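[1] below: sequence and its predicted model.
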Amino acid sequence: MRILAIESTCDETGASVVEDGQLVLSNIVATQIDLHAKYRGVVPEIASRAHIENILPVLHESLNSAACGLADVDAIAVAHRPGLIGSLLIGVTAAKSLAWSLNKPLIGIDHVHAHLYSVMLQDGTTKERTGTDTVSPSSNSSFILQPSSLSPVFPAVGLVCSGGHTALYRLNSWLDVQLIGSTIDDAVGEAYDKVAAILGLGYPGGPIIDRLAQQGDPKAIDFPRSLMARDSLDFSFSGLKTAVLYNVQGVPTKNNKPSRIPPPLTDQRLADIAASFQAACIDVLTRKIKRATEHFKAQSVIIGGGVSANRGLRSALANFPIPVFFPAFEYCTDNAAMSAGLAHLYLAAGRVSPLDLDAITYSQFVET
């Protein structure tokens, strides 16, 4: 069974053909990073216009890359929530048009849910398992999964961490998911972007800070870790972001002048700030994951979203007491393959969407 999926939730236009829920036959993504870089963030109107320009070429390239035609796909899937409304509408309109004209089932997918499922994707062009990385309790290195360990064991705890989302979930199965914690302010990826802007490092901030952190001392600056209540599974990164700002620019006083003149931003100081900031972020994420796994007696951990590509996070979870599953790097950021894969399970369960499917800006994540 082959499913064609469309992604347009934010600033990536994607289309993918996935076979039997896991084998990725094509995964085409048109990025808009260059369009938004000078604004140091996504501009919704610019994103929407770029989706209009990209959607048809991306669809054509995805089908060509998969060596199949529209008649060869069994269903059309689309990430219809959450996201920027203008961006969502482009993808949802394209998916509904295809489903109607081809008389194929339409399947609406929650983008956040799909990020969790991304750990199941594998390269279907060679029919060999080359995609998912797993972190073993006894090893610091990633390795190719064997058939006996392709899937996380449930119940599992899932973390979606990206520029727009930082949330924890309990998964009893792929279709039985409950939200158990979320950010009360900034998402962790958003904090990375804002700290990168403070340091003048460019956009997107996550990969830049991750690379720079490798050259710095993570203990150079004791940035705060907001863990909230003792049993809380929620996140807060706003205070950490402010602490970095004050470290760089000084603490403002009543006359708007800093209480001290901070040291100059030498290359080494930039690296130390990046390393210390990243260490604080990762410490919070890993401690919250540990809380959740202990509370819910989870058998595995699933990480998804753009920040799942972070080398510091992967290294920190290398010796976690239960298996931790990361997606392959090409499926960490926004893509359509993860929606196509998850849609296979929806279709098998008879959960299809009507042709008046709405684009929704917020997540309705809890699946029953």
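    Sure thing, it's come through.

[2] past the helix or strand hosting residue 15, which element shows up next along the chain?
    Assigned by DSSP states H and E, residue 15 belongs to strand 12-19. Going down the chain from strand 12-19, the next helix or strand is strand 23-31, by DSSP H and E.

[3] may I have the strands that pair with that next one, each with its orientation?
    Counting by DSSP bridges, the strands paired with strand 23-31 are strand 12-19 (antiparallel), strand 122-123 (parallel).

[4] just those: most buried one?
    strand 12-19 (a mean of 28; mean count of other C-beta atoms under 10 Å). (C-beta placed from N, C-alpha, C; glycine too.)

[5] ok, residue 279 touching residue 217?
    No. Residue 279 lies out of contact with residue 217 (C-beta atoms under 8 Å); the separation is 9.3 Å.

[6] and those two? Which one has more around it.
    Remark: of residue 279 and residue 217, residue 279 carries more neighbours, 22 against 14, as counted by other C-beta atoms under 10 Å.

[7] before we move on, which element is that one in?
    Residue 279 belongs to helix 267-296 when assigned by DSSP H and E.

[8] spatially nearest residue to residue 245, not counting backbone neighbours?
    Residue nearest to residue 245 in three dimensions, not counting chain neighbours: residue 198, with 5.5 Å by C-beta to C-beta, 6 or more residues apart in numbering.

[9] wait, that neighbour sits on residue 244?
    Yes. Here residue 198 reaches residue 244: they are 5.9 Å apart, a contact under C-beta under 8 Å.

[10] rank the strands paired with strand 23-31 by mean pLDDT and give me the bottom one.
    With a mean of 91, strand 122-123 has the lowest mean pLDDT of the strands paired with strand 23-31.

[11] if we can go back for a sec, can you list the strands paired with strand 23-31 in a markdown table and add distance to residue 98?
    Below are the strands paired with strand 23-31 laid out as a markdown table (distance: least, C-beta to C-beta, whole Å):
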| stretch | distance to residue 98 |
| --- | --- |
| strand 12-19 | 10 |
| strand 122-123 | 25 |
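
[12] just tell me which of the ones you listed ends up closest to residue 84.
    strand 12-19 (11.4 Å; C-beta to C-beta).

[13] for residue 68, see how far away the residue nearest to the spatial centre of the chain is.
    By C-alpha atoms, centre = their mean, the chain has its centre lying nearest to residue 305, at 1.4 Å. The gap separating residue 305 from residue 68 is 29 Å, by C-beta to C-beta, to the nearest Å.

[14] which residue ranges of this structure form strands?
    Per DSSP state E, the chain carries strands over the ranges 2-7, 12-19, 23-31, 75-81, 106-110, 122-123, 133-135, 143-144, 156-161, 166-173, 176-182, 300-304, 324-326.

[15] redo these as CSV? Include distance to residue 45.
    Output for those, formatted as CSV (distance: least, C-beta to C-beta, whole Å):
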stretch, distance to residue 45
strand 2-7, 19
strand 12-19, 15
strand 23-31, 17
strand 75-81, 20
strand 106-110, 24
strand 122-123, 36
strand 133-135, 36
strand 143-144, 43
strand 156-161, 26
strand 166-173, 26
strand 176-182, 27
strand 300-304, 28
strand 324-326, 34
